[in-house]
Structures are given as structure tokens and as C-alpha cells.
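Chemist: Here you go, sequence then predicted model.
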Amino acid sequence: MMIDPCSNLTSSGHGGNLVGNFVSERLFFLQDLQILELVLALIVFIAIHSLRQKRRYGVPVWPFLGMLPSLVSGLQSNLYEWVTEVLCRQNGTFVFRGPWFSSLNCVVTADPRNLEHLLKTKFSVYPKGPYFRDNMCDLLGDGIFSADNETWQRQRKTASIEFHSTKFRQLTTESLLELVHARLLPVLENAMNKSISIDLQDILLRLTFDNVCMIAFGVDPGCLSPELPDIPFAKAFEDATEATLLRFVTPKWVWKTMRYLNLGTEKKLKRSINGVDEFAEKVIETRKKELSLETETQKQRSDLLTVFMRSKDEQGKPFSDKFLRDICVNFILAGRDTSSVALSWFFWLLEKNPRVKEKIVAEICRIINEREEMKNGGELKSSLILKPEEIKQMDYLQAALSEALRLYPSVPVDHKEAVEDDVFPDGTVLKKGTNVVYAIYTMGRMEAIWGKDCREYKPERWLRDNKYMCESAYKFTAFNGGPRLCLGKDFAYYQMKFTAASIIYRYHVKVVEDHPIAPKLALTMYMKHGLKVNLIKRHETELLNYLK
Ligand code: HEM
């Protein structure tokens, strides 16, 4: 736009005013336009600059907001896939820059070298840390899952001795056998007879919740019964974990104020923790009475509560009721949903890979056929109960479950906090206080770790000469690794194998057509819409075909 240099900007009078007004309006317009152009230029510059940062950091970095816009768009589709895409582009590690007003900055990695470094080599530099403990403290207290240092070590040692004892193994196998045969199979049989679809994930969640309560507290809450009831303790536990999770996405000062004022989700959390505590207190009180009487039942008990009640702290004193409560609640949290969620993804993967399903049935039949009674003309009955030594021989089933956990790990991401300055083996520099997120879901989808076929479901990758071979915990991190390796790993495999084999031997599990399948965004990777299935009886004649 041109400005007439001859314009009389100072002329007075009516006519002069008109001209003056016109000129000053034009000038304002001009200034507006220039400001607009300047702002536009600035926006374009920032956009180009931010987008060019993508090459360097893997994600555009915006002023003030950091990488938040990309994270939000990732949240709208599938966050785990979004993280996977970025990590694959960045060779396994990237630094997430959150908005300047948040504490969302963290290092995200899926590099096995870094995993070994943080989970084992420099274990003491990477505890769970105050951020995790602060968020979880009301629910978990000083329990094994959130504790560090001596508090963690003491529980780990006692629990580890217990987990490897014959008595405990007996408790776990017997309680599972009872749950599967007296409760799970009748529920499935009933659904099959009435031709109704069931949510298999919900049923498996009930099974493992009852099972872990039997192991931790020595009591059965009865979630898995024919009427699939709502059990107040189970409901309180679920509400408490969900409300606790919200703290991870809420600024600390916000949830702390809400807790202080007893508002919103914090109010709900307090109420549900009270529900958990009430249940725990009642069980502890009853067990104490039992212990003082030293009844026969008490002597036979080998659940965690009884074991910790019988042991003493370092001053030789019995553990406090609060500590006993923390121990049990932590074990329930660690062991309640992981196996059932893994089994749900496993059954869905079998639906998509019938060849694998066939091989599992063939393996079960082959192993049963080695029984003495089968050699003497026995039959493949549907009332048959699988024996622990038979479950151990099921290498292909173990491979198929590991492969499901590789692609759908029950804990999709985990977290640590650096308590010293450090450098990762891949060269990433970490300052003291940096949050580290390790992306377990992504690790199963990295060509650099598993090869070009990493996204395919192939149990064979776990077998050498038809025998199951476990992988390095820093490559297959579904059970964590190093000193904090999952304590329930062996039991979890037994639980999954026994449950899966008992179902597959009896039924064809058919996922309902068009049932939507997606992961839920939570600490555990549930199926967002559950797993709706129909069951069809597997007949004896069909099983006999596998023996030919
Ligand atoms: C498929 C099943 C399971 C998977 C994938 C799994 C996975 C994991 C993972 C990833 C951790 C590390 C969590 C962390 O430190 O943030 C862990 C820890 C733990 N798990 Fe498991 N778990 C399973 C089943 C179980 C079961 C059935 C139990 C108990 C009955 C159990 C008991 C524990 C305990 C006590 C810890 C804490 C260990 C420690 O911090 O020292 N897990 N598990």
C-alpha cells in the first residue's frame, strides 16, 4: 500500500479534519495490517522452527507447550502406538519435553542396553522414587510395590523365600485348581448351555482377584460365582486404583489441595481406601485370634499374611497391623489383573491365529495321552484335571503365552527416577531427578530387537528343538528385570497355562464378530471393551483326532 507524501496531515477545519481522519484511519489500518503480518510471520517462523525440531527430537517442540500437542493427538488415537512410532524413529530413546508449567519432562526408552543399565547395573541410581511413592502412598503405604531401599529389601527377602517354598507352591496350585474346576468351568459351561456370550476378560479378572486374595490374605472374596456378584472389597480396590492413577495426570498441588479439602476424585479415593482398609483390618484381626489359639487350620496356613505375622522386624518385634495391611494390599495390586489381562489378549490372538490354537490342543492331547491310564485304554474325558507336571511340559503353550505378552505386555510402560546424574549406554545424558519411562509395549514392536517379523504372532520364536527358551529380561521386559524382577513370574505362568489349557481342552472360544478390540489407557493393559466370546463344546472324537 502507498502513502501519499503530499497529504496535509496537520490541516485544520472541517474539510481538513475529514482528510486527517481518513489518513489516520488508513495509518491505523496500515499499522494493524503490519502487526497482523508480523504476527503471521512469527507464527510461520515458530511453526517451521518447531516442525524442524521433529527431525532432531522426534516430535515438534512448541514454545511453552513443548511436545504436549503431539502427545494429545497421540492420546486421541492409540498412545502406545504413538510412542512406538516416535521411539522407532529415534533409535529407541527420546526426551519428552512437557509444557513449561508441568513436570511432564522425562526420558522415554525402549533400548535393551538402557534397560539393563537402569534395572540391573545401576539399580541403586534408579529407584521407584518419591514421585511414584507420593502418588501411590495412600493406597500402597510402605508395601513392596512402591517401597525402595531397606523397606523394599526386607519385604522382598521374606516374600521371595515364601514364593519359593514348597508349602506356598502347594497353596497356589491347590487354590487355582479349586477355582478353575469348582467355579470357572461351571460358569463357562452354564454360558455355553444357555448359548449366551460372556465377557471373558471380566470372568478371568474375577478368577485372578479371588486367587491372589487367597494367596495374600488366605481368604476367598468370591468374585467368581455363578451370579458374578459385585463384591464390596473388589469394587473398593478397583475404585482406589483408578482414582490413584488420576494423580499421575494431575499437577501435584491440585490433587494435594483436593485431598486436603476432601473433594472430587480425592474424596472417592479416600472412601474406597477406607473400604480396602476395613476388609484388611477384619482379616488381620481374625487371623490374630487364630494365631493366638494355634489351631490346626492356622498351622497349615501358608498365605503371605500368616507368614509375615509369624516373622519379626529387625528389632525382633512383630510387624504392625498397618505394615501387614500394606504387604497384602501391594501383593493384591501386583498379582490381581496382570495374568487375566494377558490371557484375554492371548485368546484374542488365538482367534486370529487358528494354526497356533491347533498346535496347543495337539500338545495338550499328546501330554495327556502319556498318562498310565491312557495306555491302559483310558479316554479323553471332559472331567479330566491337568496335573502340575503336565502343565510344566507344555512348552508350546508357554511360548504362545510369552509371545502374547511380548506383543501385549500387561504392564505396557513402567517408570523409574534417577537419583544421581548419569549417562545411558546409548549416550543419553540424565540429570538427577529425571523421570525415566521404559516402553515395554514398544520393545515388542522394534525390528532392532525382534527382527522384521516383530509384529507377527509367532510362538516358534521362543522354541529351540521344541523346548521353550526364555529371553533376556532386558529384551523381553514384560516381567521387569534385575533385582525387581516380578516375584510372581513362575506362579503367573503356571496360573495362565493351567487356566488356558483347562479352557482350550474343553471349548472352542469364538470372539463375537465385530467386537471392538482396543487397549485401555491404564497402568495395566486391559482390553477397553472387554472380550465378548461364545463357547462351543470340543467333543471327545475331535480330541482323539489329535492323537492320530
Ligand atoms: C502375566 C502376569 C504378570 C506380569 C506380566 C507381571 C509383571 C510385573 C512387572 C512388570 C513388575 C514390575 C513392576 C514395577 O516394579 O513397577 C512386577 C512386579 C511384581 N510382581 Fe508381577 N506380574 C505378573 C503376575 C504376578 C503375580 C501373579 C504376582 C503375585 C501373586 C506378582 C507379584 C509381583 C510382585 C510382588 C512384584 C513387585 C516386585 C518388586 O518390586 O520387588 N506378579 N510384575
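Modeler: Arrived safely, thanks for sending.

Chemist: Now the nearest residue to His181 once chain neighbours are set aside. Its backbone dihedrals?
Modeler: Nearest residue to His181 in three dimensions, chain neighbours excluded: Ile385, at 6.4 Å (C-beta to C-beta, 6 or more residues apart in numbering). Any C-beta I mention is one placed from the backbone N, CA and C, and that applies to glycine too. Note on Ile385: its backbone torsions stand at phi -110, psi 130 [degrees, to the nearest 10].

Chemist: And Trp62, by the same measure?
Modeler: Reported as degrees, to the nearest 10, the phi and psi values for Trp62 are phi -100, psi 150.

Chemist: distance of it from the ligand?
Modeler: Applying C-beta to the nearest ligand atom, to the nearest Å, the value for Trp62 to the ligand is 31 Å.

Chemist: and that residue, how many neighbours?
Modeler: 19 (other C-beta atoms under 10 Å).

Chemist: and stretch 498-510, which residues are buried?
Modeler: Neighbour counts over stretch 498-510 (16 or more other C-beta atoms under 10 Å) mark Phe498, Thr499, Ala500, Ala501, Ser502, Ile503, Ile504, Tyr505, Arg506, Tyr507, His508, Val509 as buried.

Chemist: helix/strand/coil for the nearest residue to Gly481 once chain neighbours are set aside?
Modeler: Excluding the flanking residues, the one nearest Gly481 by C-beta to C-beta, 6+ apart is Ala473, at 3.1 Å. With DSSP: H, G, I helix; E, B strand; the rest coil as the basis, Ala473 sits in coil.

Chemist: Contact residues of the protein facing the ligand?
Modeler: Counting by C-beta under 6 Å from any ligand atom, the residues of the chain close to the ligand are 144-145, 156, 212, 215, 331, 334-335, 338-339, 342, 405, 410-411, 414, 478-480, 484, 486-488, 491-492.

Chemist: Could you list the low-confidence segments of this protein?
Modeler: Confidence mapping of the chain against pLDDT under 70 gives the ranges 1-30, 49-52, 54, 101-103, 294-299.

Chemist: ok, now how distant is the residue nearest to His181 from Arg183?
Modeler: Remark: distance between Ile385 and Arg183 (C-beta to C-beta, to the nearest Å) = 14 Å.

Chemist: So Gly218, which state does it fall into?
Modeler: State at Gly218, reduced to three classes by three-state DSSP: coil.

Chemist: shouldn't it be in contact with Phe308?
Modeler: No - contact criterion C-beta atoms under 8 Å: Gly218 and Phe308 do not qualify, at 11.4 Å.

Chemist: Could you pull up the residues touching the residue in the chain that the ligand sits nearest to?
Modeler: Nearest to the ligand in the chain, going by C-beta to the nearest ligand atom, is Gly488, at a distance of 2.2 Å. Residues counted as contacts of Gly488 (C-beta atoms under 8 Å, 6 or more residues apart in numbering) are Phe163, Ala334, Gly335, Thr338.

Chemist: how about those in a markdown table, adding secondary structure and neighbour count?
Modeler: A markdown table is the format used below for those (DSSP: H, G, I helix; E, B strand; the rest coil; neighbours: other C-beta atoms under 10 Å):
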| residue | secondary structure | neighbour count |
| --- | --- | --- |
| Phe163 | helix | 17 |
| Ala334 | helix | 19 |
| Gly335 | helix | 22 |
| Thr338 | helix | 25 |
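
Chemist: of these, closest to Leu463?
Modeler: Nearest to Leu463 out of the contacts of Gly488 is Thr338 (C-beta to C-beta; 23.7 Å).

Chemist: check contacts around that closest one.
Modeler: Residues in contact with Thr338 (C-beta under 8 Å, 6+ apart) are Thr208, Ser410, Val411, Gly488, Ala492, Thr524.

Chemist: Now that we have those, which of them are buried?
Modeler: The neighbour-count test (16+ other C-beta under 10 Å) marks Thr208, Ser410, Val411, Gly488, Ala492, Thr524 as buried among the contacts of Thr338.

Chemist: Can you redo these as JSON lines, where the extra columns are secondary structure and distance to Val429?
Modeler: Shown next, in JSON lines, are the buried ones among the contacts of Thr338 (DSSP: H, G, I helix; E, B strand; the rest coil; distance: C-beta to C-beta, whole Å):
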{"residue": "Thr208", "secondary structure": "helix", "distance to Val429": "41"}
{"residue": "Ser410", "secondary structure": "coil", "distance to Val429": "32"}
{"residue": "Val411", "secondary structure": "coil", "distance to Val429": "27"}
{"residue": "Gly488", "secondary structure": "coil", "distance to Val429": "35"}
{"residue": "Ala492", "secondary structure": "helix", "distance to Val429": "36"}
{"residue": "Thr524", "secondary structure": "coil", "distance to Val429": "32"}
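
Chemist: quick check, nearest of the residues you listed to Thr244?
Modeler: Thr524 (12.5 Å).

Chemist: Name all residues that make contact with that closest one.
Modeler: Contacts here follow C-beta under 8 Å, 6+ apart; on that basis Thr524 touches Asp337, Thr338, Val341, Ser410, Val411.

Chemist: hmm, 6 Å instead?
Modeler: Residues in contact with Thr524 (C-beta atoms under 6 Å, 6 or more residues apart in numbering) are Asp337, Val341, Ser410.

Chemist: Let me see the backbone angles for it.
Modeler: According to degrees, to the nearest 10, Thr524 has phi -110, psi 140.

Chemist: mind checking how far the residue nearest to it when sequence neighbours are not counted is from Gly488?
Modeler: If the residues on either side of it in the chain are set aside, Thr524 comes closest to Asp337, at 4.9 Å by C-beta to C-beta, 6+ apart. Separation of Asp337 from Gly488 (C-beta to C-beta) stands at 12 Å.
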